[in-house]
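[1] Build me a model from this:
(2 chains)
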Amino acid sequence: MSRKRILVVDDDQDLVHALQVRLKAAGYEVLFALDAVNAVRLARVEHPDLVILDIGLPAGGGFAVLDRLQKLSGSGVLPVIVLTAREPEGNRDRALGMGAQAYFQKPVESVELLAAVRTAIEGRSGGSRPSRPLPFRTPAPGSREPSCQ
Amino acid sequence: MRQEQTRLLVIEDNPGDVRLIEEMLSDSSPGEFTLEHAGLLSLGIERLEAGDIDAVLVDLGLPDSQGLGTFEAIRANAPDIPVLVLTGFDDAAKALEAVQKGAQDYLVKGESDGRAIARSIRYSRRRVRSISEEQERQKAELRVRDDFLSHVSHELRTPLTAIHDFVSILVDGLAGPLTKEQEEYLQITLRNTKQLRAMIDDLLEVTRSEANKVVVEPRPIRLAGLVRQAAESQKFQARAKSVVLDVDVPADLPLVEADAKRTLQILTNLIENAIKFSELSGEVRVDAARWPHDERFLRVRVADTGPGIPPDMASQIFDYLYQGHDPAGAPRRGLGIGLYLCKDLVVRQGGRIWVEDRLGGGSIFAFTLPVYSVQEALAPILEEDSRLESFALVSFRIASREASRDLDPEEIESIRGVLERCSYAYRDVVLPTLDQRESVVFPVLLSGDERSAGVFAERARSMMTRLGVLEESAHSCSVRVQPLTRGLSATDAADGPVAVVAAVRRLLVGAGVPVGEPS
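    Have a look, this model is predicted:
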């Protein structure tokens, strides 16, 4: 089985470097883009299995990229994990609402990130549309008793 | 100096008094006041909603509302407009009470001349304006601080992330084997990085909590759903540490009188802490039940298998900026804000919070919230009248027209909010909302007969539409009015506060709302 490919989008080279080391060690192939334009271009040309996306990006911003990626993926779903220094307040719900699988604020523990990566990629290769686990969703107050296993 | 123009709404049922005021004002201050007149509180409130009124002059005794409630209803509907109370000789005490509750001034009929009235209105307007300017200034200040801290937090996080990521890469051996000593030093670096991260997390919490100080709105809510939601949101963190997260909250717990958002914040914070302090493969258990110590409360407990809290620290850990000692190897945490916030929020909802030792190691954080009581909710309106026939139940059944979409919590909140505002003079009580399959029922206990209930229903529906809470195309809304006496046998139908409370409880329980008075 070929190795799964992850596109890392972040304008900070040090952080890209660290993610590369971490993801390669976990057995993934890593592509990277340092700005919004290259992120969309690479996603279109290289068909990665997952995108790890920063929000504060030059040349377009992460939300714009997220929007483009969702439209781009067309029939198949391209899972996106948002990893940003920004406050979750407002941003988390917005990202999840736009179709991101998970939202992490930097710095994140590698076990947490890798678990989300696995879930997202497995959900995808499982064939049908993933059930969207949304592990970090802030629950809205007062909503009616969701199930919890 | 040119006089400021004032559009004055006079809510007064005696046309003679209105004419008198109009003449006095135009004599003493020609051209300064434009008068509008409403003979009923309901009409006055409708006029206020239309906007463009600068000040209100109101008689507390109106055909559709008597006493202080008249003032309170106006204030609830137009909090930023100065209200002056108009009163007769015999009613000055009531008027004074209104002033204590926020009316700008009171004028005794027949005592005040045009000049006095005009002056009082002018001063009131100035006073209200300077108060709201002060509030605006404070809000702006908090916003600037929040923006600044947001920025700082963001800027600090990026370099911190690089340090954190590379140190953990080294610790995990991804860059080659380490000597024992190297690993130890890197672990120390990593621990301190985590502490720095926790401090950055807390930076914003402080301003947010100050800015949010005002909004704790207790309402009758179900606790079970909130506990599950909070647990659900932490499931991922628990799994990452192989911590078993166990929730034991019976669905038929009585409702509590609490703010859903704030309660969720407390629960999330405690569960998050419990997981954070747990060892790998530990256990976090959340349960809720009647508090055996005082049945008027529910008690929620979050128990962990972490290092525990030494008894001598048990009361201090909720203090502002409290920093625990650092027992060797124990994870340290932030600026000492989280638990302080929890305590603040619990206390402001009428509960208490504490920590106890768990047998066999670990700690238990417990807090209480008051059980919703039909009796207490109805007490104010039953003081004046407690005959069963004086009340009717108006139920709004609202559903989304979109197939299989439930109303979301924000929609439910705003609908409740509108109903509360519709309730004249606080004589009516918005009861706990009933969630039913694909629709939500909002019952209101109304002091009035079936006919006035019909009027209320119509008004509420039009207000919900006008405020955009209810869109005719997106929601269906049906209204049902029933007298409280319906379905009661002759023996049940004795009047009195107890009978009214019992009848309302029966209706709610019959509809599946878990209301339980303290036994």
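
[2] Show me what counts as buried in stretch B:217-231.
    Within stretch B:217-231, the residues scored as buried using 16 or more other C-beta atoms under 10 Å in any protein chain shown are B:218-231. For glycine as for every other residue, the C-beta is placed from the backbone atoms N, C-alpha and C.

[3] Going by distance to A:S2, which of those wins?
    Among those, B:A231 lies closest to A:S2 (C-beta to C-beta), at 38.2 Å.

[4] From B:L267, how far off is the closest one?
    Distance of B:A231 to B:L267, computed by C-beta to C-beta, to the nearest Å: 8 Å.

[5] Which neighbours do these two have in common?
    B:V286 (C-beta atoms under 8 Å, 6 or more residues apart in numbering or on different chains).

[6] just to revisit the earlier point, so which of the buried residues of stretch B:217-231 reach chain A?
    Among the buried residues of stretch B:217-231, the residues within reach of chain A (C-beta under 8 Å from any C-beta of the partner chain) are B:I221, B:R222, B:A224, B:G225, B:L226, B:R228, B:Q229, B:A230, B:A231.

[7] okay, the fourth one: pLDDT?
    B:G225 is assigned 85 on the pLDDT scale.

[8] What is the helix or strand where it lies packed up against?
    Using DSSP states H and E, the element containing B:G225 is helix B:223-240. Using 3 or more C-beta pairs under 8 Å, 6 or more residues apart in numbering or on different chains; DSSP states H and E as the contact criterion, the elements in contact with helix B:223-240 are helix A:110-125, strand B:244-248, helix B:260-277, strand B:283-290, strand B:297-303.

[9] got JSON lines for these, with mean pLDDT too?
    Formatted as JSON lines, the helices and strands packed on helix B:223-240 follow (pLDDT from 0 to 100):
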{"stretch": "helix A:110-125", "mean pLDDT": "84"}
{"stretch": "strand B:244-248", "mean pLDDT": "93"}
{"stretch": "helix B:260-277", "mean pLDDT": "88"}
{"stretch": "strand B:283-290", "mean pLDDT": "94"}
{"stretch": "strand B:297-303", "mean pLDDT": "95"}
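
[10] wait, which of the ones you listed is closest to B:L41?
    Across the helices and strands packed on helix B:223-240, closest to B:L41 is helix B:260-277 (C-beta to C-beta), at 31.2 Å.

[11] Buried residues in the closest one, which are they?
    Across helix B:260-277, burial judged by 16+ other C-beta under 10 Å covers B:260-277.

[12] Then stretch B:174-194?
    B:L186, B:T189, B:L190, B:R191, B:T193, B:K194.

[13] Could you confirm whether it reaches chain A?
    Yes - for stretch B:174-194, a contact with chain A is found by C-beta under 8 Å from any C-beta, at B:L174, B:A175, B:T193.

[14] contacting residues for the first one?
    Contacts for B:L174 were tallied using C-beta under 8 Å, 6+ apart; they are A:V21, A:R22, A:A25.

[15] and if we set it to 10 Å?
    Residues counted as contacts of B:L174 (C-beta atoms under 10 Å, 6 or more residues apart in numbering or on different chains) are A:V21, A:R22, A:K24, A:A25, A:A26, A:S110, B:F166, B:S168.

[16] Look at it and report its pLDDT.
    Note for B:L174: predicted pLDDT of 94.

[17] I'd assumed it was in a helix, is it?
    No - looking at B:L174 with DSSP: H, G, I helix; E, B strand; the rest coil, it is coil, so not inside a helix.

[18] how near is it to A:K24?
    Counting by C-beta to C-beta - B:L174 and A:K24 are separated by 9 Å.

[19] likewise B:D408?
    The gap separating B:D408 from A:K24 is 42 Å, by C-beta to C-beta.

[20] do B:I163 as well
    20 Å.

[21] which stretches of the stretch 251-400 of chain B form strands?
    For the stretch 251-400 of chain B, the strands defined by DSSP state E, counting those that start in this stretch cover B:256-258, B:283-290, B:297-303, B:353-357, B:363-370, B:391-400.

[22] Mind checking the ones you listed for the one nearest to B:K180?
    The nearest among those, by C-beta to C-beta, is strand B:283-290 at 31.5 Å.

[23] Please produce TSV containing the buried residues of stretch B:174-194, extended by pLDDT.
    Shown next, in TSV, are those (pLDDT from 0 to 100):
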residue	pLDDT
B:L186	93
B:T189	91
B:L190	89
B:R191	81
B:T193	88
B:K194	82
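
[24] So which of those residues is the closest to chain A?
    Nearest to chain A among the buried residues of stretch B:174-194 is B:T193, at 7.6 Å by C-beta to the nearest C-beta.

[25] ok, of the buried residues of stretch B:217-231, which one's closest to A:M98?
    Looking across those and measuring by C-beta to C-beta, the closest to A:M98 is B:Q229, at 21.9 Å.

[26] Name the residue most distant from the centre of chain B?
    No residue in chain B sits farther from the centre than B:T179, which is 56.1 Å out by C-alpha atoms, centre = their mean.

[27] if we can go back for a sec, comparing B:I163 and A:K24, which shows the higher neighbour count?
    It is B:I163, of B:I163 and A:K24, that has more neighbours when counted by other C-beta atoms under 10 Å in any protein chain shown, with 17 against 14.

[28] I figured the more buried one was touching A:K106, is that so?
    No - using C-beta atoms under 10 Å, B:I163 makes no contact with A:K106, being 11.3 Å away.

[29] buried stuff in stretch A:95-105?
    For stretch A:95-105, by 16+ other C-beta under 10 Å, it's A:A95, A:L96, A:G99, A:A100, A:Q101, A:A102, A:Y103, A:F104, A:Q105.

[30] Any regions of the stretch 201-350 of chain B where pLDDT drops low?
    Within the stretch 201-350 of chain B, the stretches with pLDDT under 70 are B:206-215, B:320-336.

[31] Would you mind listing what in it touches chain A?
    Where the stretch 201-350 of chain B comes near chain A, counting by C-beta under 10 Å from any C-beta of the partner chain, the residues are B:201, B:204, B:208, B:219, B:221-222, B:224-237, B:239-242, B:245, B:247, B:249, B:251, B:259-265, B:267-268.

[32] again, only using 6 Å
    Selection of the stretch 201-350 of chain B residues close to chain A by C-beta under 6 Å from any C-beta of the partner chain yields B:G225, B:R228, B:Q229, B:A231, B:E232, B:S233, B:F236, B:A240, B:A260, B:K261, B:L264.

[33] burial of A:S110, as a residue count?
    Neighbours of A:S110 (other C-beta under 10 Å): 22.

[34] Quickly find the element holding the residue lying closest to it once chain neighbours are set aside.
    Spatially, and ignoring its direct neighbours in sequence, A:S110 is nearest to A:R22 (5.6 Å; C-beta to C-beta, 6 or more residues apart in numbering or on different chains). A:R22 belongs to helix A:13-25 when elements are defined using DSSP H and E.

[35] Give me the contacts around that helix.
    Applying C-beta atoms under 6 Å, 6 or more residues apart in numbering or on different chains, the contact partners of helix A:13-25 are A:I6, A:V8, A:D10, A:V30, A:F32, A:S110, B:T161, B:A162, B:D165, B:F166, B:I169, B:L174.
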